[in-house]
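> could you work out the structure for the sequence below:
(2 chains)
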Amino acid sequence: EAGVAQSPRYKIIEKRQSVAFWCNPISGHATLYWYQQILGQGPKLLIQFQNNGVVDDSQLPKDRFSAERLKGVDSTLKIQPAKLEDSAVYLCASSLDIWGGSSYNEQFFGPGTRLTVL
Amino acid sequence: GEDVEQSLFLSVREGDSSVINCTYTDSSSTYLYWYKQEPGAGLQLLTYIFSNMDMKQDQRLTVLLNKKDKHLSLRIADTQTGDSAIYFCAERRANFGNEKLTFGTGTRLTIIP
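Numbering: from 1, shown residues only, chains lettered A, B, ... in the order given. A predicted model of the protein is given here:
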């Protein structure tokens, strides 16, 4: 079974530029997550999709970050304009279903995109 | 508090046991998880425990859960060089009709030959 794919793996931009990240989840997984992992910290959820609808975007800085999951499969995360504090690894994860019940609902993570903002 | 807390670093001799500790925040969390992150890679689920259990064993891994103190630990028996990584605990919290994972800061495990 193919894992979660992300691209690019690395990106270096200057502040105020724009950047986009792409994620392809595991086939058949309904739920897709974007996390931000700042160096020395654990991942922090930015946005969660169920199919092509947003379930939780309460931690997404909506003045500069946007995300979409058209057709309920692939997803893109965009930052426009980037700030120095956006330097982080952006992780995409997917799970078979949304939370609930007795399922432990494993999230499968991609390798991440390391963003450096200069 | 809001944060899931872990010690940042742990060094262990090869062949010894490693114990990684975590203090979580929400007594109503249903599941608690341990993830492993190797350099340049995403997170990999190692094991999890349901909140009505106080212990779970899976080969070299033992998870202990103390709900009263909101304390979670991961013991790795016979630690090997391949166990070098950052280990994250995470709690599954209710979140406005949904649930989400909240991760700790991670513990970097270094194996001494």
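
> which residues in the chain form strands?
All of this is about chain A. Per DSSP state E, chain A carries strands over the ranges A:5-7, A:10-13, A:19-24, A:31-37, A:44-50, A:53-56, A:65-68, A:75-79, A:88-95, A:108-109, A:113-117.

> chain B is the one I meant
Under DSSP E, chain B gives strands at B:5-6, B:9-13, B:18-23, B:31-37, B:43-50, B:55-58, B:61-66, B:71-76, B:85-95, B:98-103, B:107-112.

> for A:Leu46, which of those strands is the nearest?
strand B:98-103 (10.9 Å; Cβ to Cβ). Where you see a C-beta, it was placed from the backbone N, CA and C, and this is true even at glycine.

> what number of residues lie near the nearest residue to B:Glu5 once chain neighbours are set aside?
Closest residue to B:Glu5 apart from its sequence neighbours, by Cβ to Cβ, 6 or more residues apart in numbering or on different chains: B:Thr23 at 4.6 Å. The local packing of B:Thr23 (other Cβ atoms under 10 Å in any protein chain shown) involves 16 other residues.

> show the model's pLDDT score for the residue nearest to B:Gln37 when sequence neighbours are not counted.
Nearest residue to B:Gln37, sequence neighbours excluded (Cβ to Cβ, 6+ apart): B:Ile86, at 4.6 Å. Looking at B:Ile86, its pLDDT is 97.

> which ones are touching B:Ile86?
Residues near B:Ile86 by Cβ atoms under 8 Å, 6 or more residues apart in numbering or on different chains: B:Lys36, B:Gln37, B:Gly106, B:Thr107, B:Arg108, B:Leu109.

> and for A:Leu46?
Per Cβ under 8 Å, 6+ apart, neighbours of A:Leu46: A:Trp34, A:Tyr35, A:Gln36, A:Asp57, A:Gln59, A:Leu60, A:Phe65, A:Ala67, A:Leu77.

> what separation do you get for A:Val55 and A:Ser95?
A:Val55 sits 12 Å away from A:Ser95, going by Cβ to Cβ, to the nearest Å.

> before we move on, what about A:Leu118?
Separation of A:Leu118 from A:Ser95 (Cβ to Cβ): 34 Å.

> same check on B:Asp58?
Distance from B:Asp58 to A:Ser95, by Cβ to Cβ: 20 Å.

> cool, B:Leu64 as well?
From B:Leu64 across to A:Ser95, the span is 26 Å (Cβ to Cβ).

> now for chain A, the helix or strand with the poorest mean pLDDT.
When the helices and strands of chain A are scored by mean pLDDT, DSSP states H and E, strand A:53-56 comes last with a mean of 90.

> leaving out sequence neighbours, find the closest residue to the residue most central in space within chain A.
Residue closest to the average C-alpha location in chain A (Cα atoms, centre = their mean): A:Trp34, at 2.3 Å. Excluding the flanking residues, the one nearest A:Trp34 by Cβ to Cβ, 6+ apart is A:Leu46, at 4.5 Å.
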